[in-house]
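Participant: give me the fold of what follows.
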Amino acid sequence: MNIKIADLMVKNVVTTQPHKTIGHVKDMMRNNSISCVPVVNSDNEPIGIVTTNDFRLSQSDSSPVSQLLSGHVYAVPAYNDVSVAARVMRKHKFHHLVVTHEKEIVGIISSFDLLKLLDEHKFVMKNAPTPNKKGRERY
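Facilitator: Numbers count the residues shown, from 1 in each chain. Sure thing, here's the model as predicted:
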């Protein structure tokens, strides 16, 4: 597969900082029709990601969003093949990954972005089934 993460990712990324409130981040998501927001430090480097699923476990809307963050951010470089993003998502059971270039956030890629490959037929199946003499497919 020759499709790079940069070809599929969403490039206009809305970010927040750890001291912002959970309510503020919920409003950002609602106003921008998005389901995740990367949390960045003062150097604009990713330190976490908050998704709509995190709000099920959240405290008060006035609590800082830092209370929702796990200790590790999974990021993938924009120049990698999309299969790398798919592998990381599948292994860690995530639906969103931060995309970086030299530690700076340049995008977000989601499992839905990867599903677009199937929908738009941008991939070629390896070892596709071939019909046998009787018209049945062989695997």
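
Participant: what pLDDT does the nearest residue to residue 6 once chain neighbours are set aside get?
Facilitator: Nearest in space to residue 6, with sequence neighbours left out and distances taken as CB to CB, 6 or more residues apart in numbering, is residue 78 at 4.1 Å. Every residue, glycine included, has its C-beta placed from N, CA and C. For residue 78, the pLDDT comes out at 94.

Participant: state the phi and psi torsions of the residue nearest in space to the middle of the chain.
Facilitator: Against the mean C-alpha coordinate of the chain, by CA atoms, centre = their mean, the closest residue is residue 96 at 2.2 Å. Comment: the main-chain dihedrals of residue 96 come out as phi -140, psi 140, following degrees, to the nearest 10.

Participant: just the buried residues of stretch 45-54, please?
Facilitator: Along stretch 45-54, these residues count as buried under the neighbour rule (16 or more other CB atoms under 10 Å): 46-51, 54.

Participant: CA atoms only for it, dumped as CSV, please.
Facilitator: The C-alpha trace of stretch 45-54 is given here as CSV (Å, rounded to 0.1, in the frame of the first residue of the first chain):
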residue,chain,number,x,y,z
GLU,A,45,3.8,19.0,21.9
PRO,A,46,1.1,16.3,22.4
ILE,A,47,0.7,15.1,26.0
GLY,A,48,-2.7,13.4,25.7
ILE,A,49,-5.8,13.1,23.7
VAL,A,50,-9.4,13.4,24.9
THR,A,51,-12.3,11.7,23.2
THR,A,52,-16.0,11.8,23.7
ASN,A,53,-15.7,8.4,25.3
ASP,A,54,-13.6,9.9,28.1
